[in-house]
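**Q** Dropping the sequence and predicted coords here.
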Amino acid sequence: MNSNTNGKADKATLRGELLEARRRLPEDDAQEAAAVLARRALELDELADAHTVAAYVSVGREPGTRALLDALHARGVRVLLPVLLPDNDLDWGLYTGTERLVRAGRGLLEPDGARLGPDAVLGADAVLLPGLAVDARGMRLGRGGGSYDRVLARLAHARVQPPLVVLLYDDEVVARVPEEPHDHPVHAVVTPSGVRRFTA
Ligand SMILES: Nc1nc2c(c(=O)[nH]1)N(C=O)[C@@H](CNc1ccc(C(=O)N[C@@H](CCC(=O)O)C(=O)O)cc1)CN2
Ligand SMILES: Nc1ncnc2c1ncn2[C@@H]1O[C@H](COP(=O)(O)OP(=O)(O)OP(=O)(O)O)[C@@H](O)[C@H]1O
C-alpha cells in the first residue's frame with residue numbers, strides 16, 4: 001500500500017514520533033521557544049487587525065501559547081478558546097485571564113465561563129490551530145481527534161476564510177505529512193526561526 005492509500009496508519013506513526021520528540025524537549029528550551037513564538041505571532045499581519053482570534057491553551061510540551069494569549073487579551077482582542085465536547089467536536093469560550101482557566105479532561109485547560117456554541121469559531125478573524133507538523137503545502141497533522149478537521153470543515157461550509165496559523169517547533173515543519181481526503185491546508189506556520197506562508 002502506498003502513502004496515498006494509507007494516510008491513517010502513516011499519520012499514527014508520525015504522530016508517535018513527533019510526540020516522543022516533544023516529550024524529550026527540556027523545559028528551558030520549551031520556555032525559550034514559547035517566548036520567541038509569542039513575539040513572532042504578535043507581529044503577524046494576519047493578527048494585526050483581528051478583533052476575534054480563536055486560539056488554544058498549550059499544555060505539556062506543546063509550543064507555548066500562554067504568553068501569546070495574555071498579550072492578545074491585553075491588546076483588547078476577543079480570544080476564543082476551545083472546549084472539548086464528548087464527541088471530540090469543539091465548543092468555545094472566552095479567554096478572560098489565566099485565573100479563569102480550569103482543568104479539563106486529557107490534561108487540557110479550558111475557560112470556565114459561558115459556552116458560545118461550536119459555530120462561535122465562524123466569528124474569528126484568525127484561527128491559531130494546534131498541530132504536530134505541517135508540510136511544504138501547508139497540510140497539517142493534528143492529534144487525531146478530528147476536532148480541528150471539523151472546525152475547518154465548518155469554516156469551509158460557511159464560506160468564511162480566516163487565516164489559519166499553526167505554531168510549531170522548527171523540526172516539525174516537514175517535507176510531507178500523510179494526507180486523507182478530509183484534510184484542509186493551513187495558511188501559515190510560525191516557528192522560533194520564522195514565519196512560513198503557503199500558497200494554495
Ligand atoms: N492545547 C490543546 N488544546 C486542544 C487541542 C490540542 O491539541 N491542544 N485539541 C486538538 O484537537 C482539542 C483537544 N483534543 C485533544 C485530543 C487528544 C489529546 C490527548 O491525546 N491527550 C493525551 C495527554 C496530553 C499529552 O500529554 O499529550 C492523552 O489523553 O493521553 C488531548 C487533546 C482542543 N483543545
Ligand atoms: N468534518 C469532519 N467531521 C467529523 N469527523 C471528521 C471530519 N473530518 C475528519 N474527521 C475524522 O476525524 C478523525 C481524525 O482525523 P485526522 O487523523 O485527520 O485528525 P487530525 O487532523 O490529525 O487531528 P485534529 O483535527 O484533531 O487536529 C478521522 O477519523 C476523521 O474521519
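**A** Yes, it's here. Ligands and ions are numbered 1, 2, ... in the order given.

**Q** the strands in the protein, which residues?
**A** Secondary structure of the chain, counting by DSSP state E: strands at 52-54, 78-84, 90-94, 101-103, 109-111, 126-129, 133-134, 140-141, 164-167, 188-191, 194-197.

**Q** mind putting the ones you listed in CSV, distance to Thr65 included?
**A** (C-beta placed from N, C-alpha, C; glycine too.) Listed next are those as CSV, based on distance: least, CB to CB, whole Å:
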stretch, distance to Thr65
strand 52-54, 11
strand 78-84, 10
strand 90-94, 15
strand 101-103, 12
strand 109-111, 10
strand 126-129, 7
strand 133-134, 16
strand 140-141, 16
strand 164-167, 7
strand 188-191, 11
strand 194-197, 16
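
**Q** For ligand 2, which of the ones you listed is the nearest?
**A** The minimum distance between ligand 2 and the strands of the chain falls on strand 140-141, with 5.2 Å, by CB to the nearest ligand atom.

**Q** which residues of the protein fall in helices?
**A** Remark: helices assigned in the chain by DSSP state H are 7-23, 27-42, 45-48, 66-75, 147-157.

**Q** still on that earlier bit, among the strands of the chain, which is nearest ligand 1?
**A** Ligand 1 lies closest, by CB to the nearest ligand atom, to one member of these: strand 78-84, at 4.1 Å.

**Q** Show the average pLDDT along the closest one.
**A** Strand 78-84 carries an average pLDDT of 98.

**Q** Stretch 193-200 too?
**A** Averaged across stretch 193-200, pLDDT comes to 92.

**Q** could I have that stretch exported to CSV, CA atoms only?
**A** Below are the C-alpha coordinates for stretch 193-200, written out as CSV (Å, rounded to 0.1, in the frame of the first residue of the first chain):
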residue,chain,number,x,y,z
SER,A,193,13.1,30.6,13.5
GLY,A,194,10.5,32.4,11.4
VAL,A,195,7.1,32.5,9.6
ARG,A,196,6.4,30.5,6.5
ARG,A,197,3.3,31.1,4.4
PHE,A,198,1.7,28.7,2.0
THR,A,199,0.0,29.4,-1.3
ALA,A,200,-2.8,27.1,-2.4
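
**Q** Around ligand 1, pick out the residues from the protein.
**A** Counting by CB under 6 Å from any ligand atom, the chain comes close to ligand 1 at 56-60, 62, 82, 84, 90, 106-108, 130, 142-143, 145, 147-148.

**Q** Just the buried residues from these, in PyMOL please.
**A** What follows is the PyMOL syntax selecting those of these that are buried according to 16 or more other CB atoms under 10 Å:
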select buried, resi 56+57+58+59+62+82+84+90+108+130+142+147+148
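
**Q** Figure out the length between the terminal residues of stretch 61-68.
**A** Taking CA to CA, to the nearest Å, stretch 61-68 runs 16 Å from one end to the other.

**Q** Would you mark the buried spots in stretch 93-103?
**A** Along stretch 93-103, these residues count as buried under the neighbour rule (16+ other CB under 10 Å): 93-95, 101.

**Q** so which two of the residues you listed are the farthest from each other?
**A** Using CB to CB, the buried residues of stretch 93-103 span at most 11.3 Å, a distance reached by Leu94 and Leu101.
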